[in-house]
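A.B. asks: what follows is a predicted structure for the sequence shown.
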Amino acid sequence: MDEATIYAKEIFAEAGIQRDACVLVTGDCFTGVVPYREAKSRGARIQESGAARIVPGLFDSHIHGSVGCDTMDATPEALDAIGRHLVRVGTTSWMPTTVTDDMEKIKAALRNVGAYTPADDAARVQGAFVEGPYLTEEHRGAHPTAFLRELSEGELDRLLAAGPMRALAVAPEKAGALSFIRHAIERGVHISLGHSSATYEEARAAVDAGADAAVHTFCGMSPMHHRSPMLLGEAMTDDRLYAELIADGIHVSLPAMDILRRAKPKTRLILISDALSAAGLADGDYTLGVEHVTVKGGIARTDRGNLAGSTTNVLAEVRRFIEELGEEPLAAVHMGSLNPARRFHLDGEIGSIRPGKLADFVALDKDYQVLATWKGGKEIYRA
Ligand SMILES: [Zn+2]
């Protein structure tokens, strides 16, 4: 089996950051992290990555598209194009995320994810996140009103039959939400609460029924009033819930991000890009599902002026957490890798640098720019 010993000034191992160390890879898995001197004395052939740090490959669990492609294109070529772009920005796993559209189009996107095997140089796919159509019009964001729907367990079963839906967004104030949520969870689907006007009590009941995340916390939900804390108040105070956050510096202000960071345990925040097809491209006109979107200065808006997904990536968000919020670096990286892996019970395979896990990792320079990306122990991208 192939063995590799790769040096960096800092290795972000799950147990802690190790300085002047080497990450050891055998076949497609990590086998250890050892001090440089120990690797040298063993006579290992050490690869100088030139990196300031090696971090685990990031996992973006909410992303619609990149580089002109959208998961709703429902083609393997689109998923490969997005997955190749993602490895360039340090993301080695992702969940193709659908938007509200005609049900047949959502099913086609799910079938495409089910039939898809990523190219060797594209990020892994970890099932799909179905973001619509069970959302509330008041907080629909870029999800078109005409296709929003009421909850139906039969319809959910038909979606599940179409493809690997790992997570589904639900506005929990909808009629029948609690039995719908239980029905979904019994079938292995994680429920994310969002695009919703739910009260604190409605949201809490949904969490009691098993919902385990808030969709892009602060965005697409009612603001918190001190006598009426709403879904946002539940998302900030109930540690059973993971809180997704778009930390692009546009969707949520820095002080609001800081409030969330202080409210949640570090292991319960999940950085997501919510990126759309314009990510990785210049400003211009794009579409998100059926909505027309204009990107100006990297900010995407619908024709009504709503923010419509981002053009960011998880690595840029990790960097913002470290440099602008003063977050502890390993905790910030794990918000973009290990926390989503834990949520979806994938942390035995991915999400951190630990012996036995898949060797998905990224070499970064001192400014958190990607120098190279490895998937399953193979270098698949070099800047
Ligand atoms: Zn989204």
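C.D. replies: Cool, the structure landed. These figures come from a predicted structure and were not determined experimentally.

A.B. asks: identify the bridge partners of residue 373.
C.D. replies: Applying DSSP bridges to residue 373 gives these bridge partners: residue 362, residue 381.

A.B. asks: and the residue of the chain found nearest the ion, what does it touch?
C.D. replies: Going by Cβ to the ion, the ion is nearest to residue 274 of the chain, at 4.3 Å. Using the backbone N, CA and C atoms, a C-beta is placed for each residue, glycine as well. Contacts for residue 274 (Cβ atoms under 8 Å, 6 or more residues apart in numbering) come out as 62, 63, 64, 97, 216, 246, 251, 309, 310.

A.B. asks: return the backbone torsion pair for the residue located most distally from the centre of the chain.
C.D. replies: Counting by Cα atoms, centre = their mean, the extreme residue of the chain relative to its mean C-alpha position is residue 41, 39.8 Å from that point. Main-chain torsions, residue 41, degrees, to the nearest 10: phi -70, psi -20.

A.B. asks: the lowest-mean-pLDDT helix or strand in the chain packs against which elements?
C.D. replies: Ranked by mean pLDDT, DSSP states H and E, the weakest helix or strand in the chain is strand 284-288, scoring a mean of 83. Helices and strands touching strand 284-288, by 3 or more Cβ pairs under 8 Å, 6 or more residues apart in numbering; DSSP states H and E, are strand 291-296, strand 299-302.

A.B. asks: so what touches the shortest one?
C.D. replies: Strand 299-302 has contacts (Cβ under 8 Å, 6+ apart) with 142, 250, 276, 278, 286, 288, 291-294, 307-311.

A.B. asks: ok, 7 Å please
C.D. replies: With contacts defined as Cβ atoms under 7 Å, 6 or more residues apart in numbering, strand 299-302 is touched by 142, 250, 276, 278, 291-294, 307-311.

A.B. asks: the strands in the stretch 201-350 of the chain, which residues?
C.D. replies: Along the stretch 201-350 of the chain, counting by DSSP state E, counting those that start in this stretch, strands occupy 213-214, 242-246, 269-272, 284-288, 291-296, 299-302.

A.B. asks: pull out the CA atoms of the fourth one and give them to me as CSV.
C.D. replies: Right, strand 284-288. Presented in CSV, the C-alpha positions along strand 284-288 are these (Å, rounded to 0.1, in the frame of the first residue of the first chain):
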residue,chain,number,x,y,z
GLY,A,284,-23.3,39.1,-13.6
ASP,A,285,-26.7,37.5,-14.2
TYR,A,286,-27.5,34.0,-12.9
THR,A,287,-30.4,31.7,-12.0
LEU,A,288,-31.1,29.9,-8.7
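
A.B. asks: relative to strand 291-296, how tilted is it?
C.D. replies: Here the directions of strand 284-288 and strand 291-296 differ by 150 degrees (axes from the mean of the first three to the mean of the last three Cα atoms, to 10 degrees).

A.B. asks: strands paired with strand 284-288, and their directions?
C.D. replies: Strand 284-288 has these partner strands in its sheet, going by DSSP bridges: strand 291-296 (antiparallel).

A.B. asks: in the partner strand, what's buried?
C.D. replies: 291, 293, 294, 295 (16 or more other Cβ atoms under 10 Å).

A.B. asks: now stretch 2-15
C.D. replies: Of the residues in stretch 2-15, those buried (16+ other Cβ under 10 Å) are 4, 5, 6, 7, 8, 9, 10, 11, 12, 13, 14.

A.B. asks: check stretch 44-52 too.
C.D. replies: Judged by neighbour count using 16+ other Cβ under 10 Å, the buried positions of stretch 44-52 are 44, 47, 49, 51, 52.

A.B. asks: ok, stretch 309-325 next?
C.D. replies: For stretch 309-325, the neighbour count (16+ other Cβ under 10 Å) marks 309-322 as buried.

A.B. asks: output the residues you listed as JSON lines; include the columns pLDDT and distance to the ion.
C.D. replies: Output for these, formatted as JSON lines (pLDDT from 0 to 100; distance: Cβ to the ion, whole Å):
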{"residue": "309", "pLDDT": "82", "distance to the ion": "6"}
{"residue": "310", "pLDDT": "87", "distance to the ion": "9"}
{"residue": "311", "pLDDT": "90", "distance to the ion": "13"}
{"residue": "312", "pLDDT": "93", "distance to the ion": "12"}
{"residue": "313", "pLDDT": "96", "distance to the ion": "14"}
{"residue": "314", "pLDDT": "98", "distance to the ion": "14"}
{"residue": "315", "pLDDT": "98", "distance to the ion": "18"}
{"residue": "316", "pLDDT": "97", "distance to the ion": "17"}
{"residue": "317", "pLDDT": "98", "distance to the ion": "14"}
{"residue": "318", "pLDDT": "98", "distance to the ion": "19"}
{"residue": "319", "pLDDT": "97", "distance to the ion": "21"}
{"residue": "320", "pLDDT": "97", "distance to the ion": "19"}
{"residue": "321", "pLDDT": "97", "distance to the ion": "20"}
{"residue": "322", "pLDDT": "97", "distance to the ion": "24"}
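
A.B. asks: domain parsing for the protein?
C.D. replies: Per the record, the chain has its domains at 3-55+355-382, 58-343, by automatic domain parsing.

A.B. asks: deepest of those domains, which one?
C.D. replies: domain 58-343 (a mean of 21; mean count of other Cβ atoms under 10 Å).

A.B. asks: any idea how far apart the tips of that domain sit?
C.D. replies: For domain 58-343, the first-to-last residue distance is 14 Å (Cα to Cα, to the nearest Å).

A.B. asks: how about stretch 58-78?
C.D. replies: 20 Å.
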